[in-house]
Structures are given as structure tokens and as C-alpha cells.
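>>> A predicted structure for the sequence below; I have some questions about it.
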Amino acid sequence: MIEITFDGAKVITAHIGDHVIRTDQPVNKGGGDTAPSPFDLYLASIGTCTGIYVKSFCDNRKIPAENIKILEHVEYNSETQLPDSIKLEIKLPPDFPGKYRESLIKVANLCLVKKSIASPPEFLVTTSY
């Protein structure tokens, strides 16, 4: 279970086990911009999930991953303000073995966050006392 608390102004905090993740809104949306927005965390979860798969792939083949970067490019629909496309660009160092490039893309596509978006869960919102 994740517990969500309201911590003043627009700061909303998620408590996950021993971890705490704070969010805030940008100043132009009434927040203090003291932490990422929830939507920024959503986007970051896609990139970091992909990163876990890329890093594991490299670790299993003893390929150094320190110089690999993932750049996440998001294009938004001007009417809905929702993403129309999310591109994950894996920037490889020049010495990355070329024979693994296609396999790395396949592994990156295994990200569970991405799969969750492609096959969304049912959401139920209730109240209780």
C-alpha cells in the first residue's frame, strides 16, 4: 500500500515503505516548485524503468553502462495537453558493442511501466471513514 499525505500548500507526499516521495506544482500552477510534479514523476518512471532494463542487460554482459544515457522526448497534444508520443533515445558510447544495439532496444521495450500504459489497469476511487 502507498499512503498519500497533504503536507501544506500544493505539496503532496507518497509514503512507500521506508521511502518518501514529495511532489509539488510549478509556481504557475499555484505551487512552490519545491519538488517534481506528479506528472513529471510519471514521465520519470518510464525513463527510469527503461534504465533498469538497459542496466541489467549491460551488467549481464559485463558491458560498462556509466556512459549510457537515456533521453526521454515527450510531444504533447496541444488540445488535451497529454502526451501524443514519448521517445526514449538510448545514447550509447562509441565503444558500445554494435552487435547488441537491436537487443538493447528489445530489452528496453520490456519496461513494466510502459507495458502498464499500453494495457492500463482499471481505476477505482472510493471514500471511507
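That came through fine. Residues are numbered from 1 along each chain as shown.

>>> what lines up beside the helix or strand containing residue 89 in the sheet?
Using DSSP states H and E, residue 89 falls within strand 83-91. Sheet pairing of strand 83-91 (DSSP bridges) gives strand 69-76 (antiparallel).

>>> got the contact list for the strand it pairs with?
Here strand 69-76 makes contact (CB atoms under 8 Å, 6 or more residues apart in numbering) with 43, 46-47, 50-51, 54, 82-91. Every residue, glycine included, has its C-beta placed from N, CA and C.

>>> next one: stretch 85-99
43, 46-47, 50, 54, 63, 67-75, 101, 104-105, 108.

>>> of those residues, select the buried ones using a ChimeraX command.
In ChimeraX, a selection of the buried entries from the contacts of stretch 85-99 looks like this (16 or more other CB atoms under 10 Å):
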select :43,46,50,54,63,68,70,104,108
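
>>> and residue 47, that's in a helix?
Yes. Per DSSP: H, G, I helix; E, B strand; the rest coil, residue 47 lies within a helix segment.

>>> excluding chain neighbours, what is closest to it?
Spatial nearest neighbour of residue 47, excluding adjacent residues (CB to CB, 6 or more residues apart in numbering): residue 72 at 4.4 Å.

>>> show me what that neighbour is bridged to.
Here residue 72 shows beta-bridge partners residue 88, assigned using DSSP bridges.

>>> distance of it from residue 111?
Computed as CB to CB, to the nearest Å, the residue 72 to residue 111 distance reads 12 Å.

>>> can you pull the pLDDT of the residue lying farthest from the centre of the chain?
Note on the chain: the largest C-alpha distance from the chain mean falls to residue 129, namely 32.7 Å (CA atoms, centre = their mean). Among the per-residue scores, residue 129 holds a pLDDT of 97.
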